[in-house]
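Student: My questions are about this predicted structure, shown below with the sequence.
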Amino acid sequence: MTADPARHRTPEELEAALEHIRQAPVDRGTLQLIVRRPAVNEREVLESGQLSMEEGLVGDTWSQRGSTKTSDGGPLIDAQINIMNARTAAAIAGPKDRWALAGDQLYIDLDISSETLPAGTQLAIGTSVVEVTAEPHTGCAKFSARFGVDALRFVNSPTGRALNLRGINARVIQPGPIRQGDQITRLP
């Protein structure tokens, strides 16, 4: 009998994954998955994409999504790119083909904890550069529906927040192409 990849992980399974998540590289990692969101609740997994200062991930709907946090109701630049640790995505979602359900655009094998990547940290991805912002990235009702209430509690727990298990937000500061497998380097 094989395990159902769509089942929600138990608190014990999630806790057991912490050690592996904490072993993510600190200075250099890899871009594991690129996901474009062409419409609400739609996902396109890409082998390669283009980061733009105006659009974020080109073809993604970020630039069309309004925010109550902006004075004009336009998109929030500090949440232009959503990044999730690939090890966390695997622990919560299971197989790679389910990671995109989390709703992030970039899934990276790199330590994204607040200690390692505080706001203002720049990451080179291929020839592009993104800057981590202070905008919190927390789990929501959609995340809970897709992965379970235990997963939501896990990412929003004190440990989960310190490790940024739900992910981080960033903005593009140097546009360029990105591709799955690209090296990600934390810039000094």
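Tutor: The structure has been received and is ready for your questions. Numbers count the residues shown, from 1 in each chain.
Student: For residue 170, see how far away residue 83 is.
Tutor: Using Cβ to Cβ, to the nearest Å, we find residue 83 at a distance of 6 Å from residue 170. Glycine gets a C-beta too; all of them are placed from N, C-alpha and C.
Student: Find residues that contact each of those two.
Tutor: Taking Cβ atoms under 8 Å, 6 or more residues apart in numbering as the contact rule, residue 83 and residue 170 both touch residue 130.
Student: of those two, who's got more company?
Tutor: The neighbour comparison of residue 83 against residue 170 (other Cβ atoms under 10 Å) goes to residue 170, with 30 against 25.
Student: Does the more buried one lie in a helix or a strand, and which?
Tutor: Assigned by DSSP states H and E, residue 170 belongs to strand 168-174.
Student: Buried residues in the helix or strand following that strand, which are they?
Tutor: With elements assigned by DSSP H and E, the helix or strand that comes after strand 168-174 is strand 176-179. Residues of strand 176-179 classed as buried by neighbour count (16 or more other Cβ atoms under 10 Å): residue 178.
Student: ok, and what's touching strand 176-179?
Tutor: Residues contacting strand 176-179 (Cβ under 8 Å, 6+ apart): 31, 34, 47-51, 106, 125-128.
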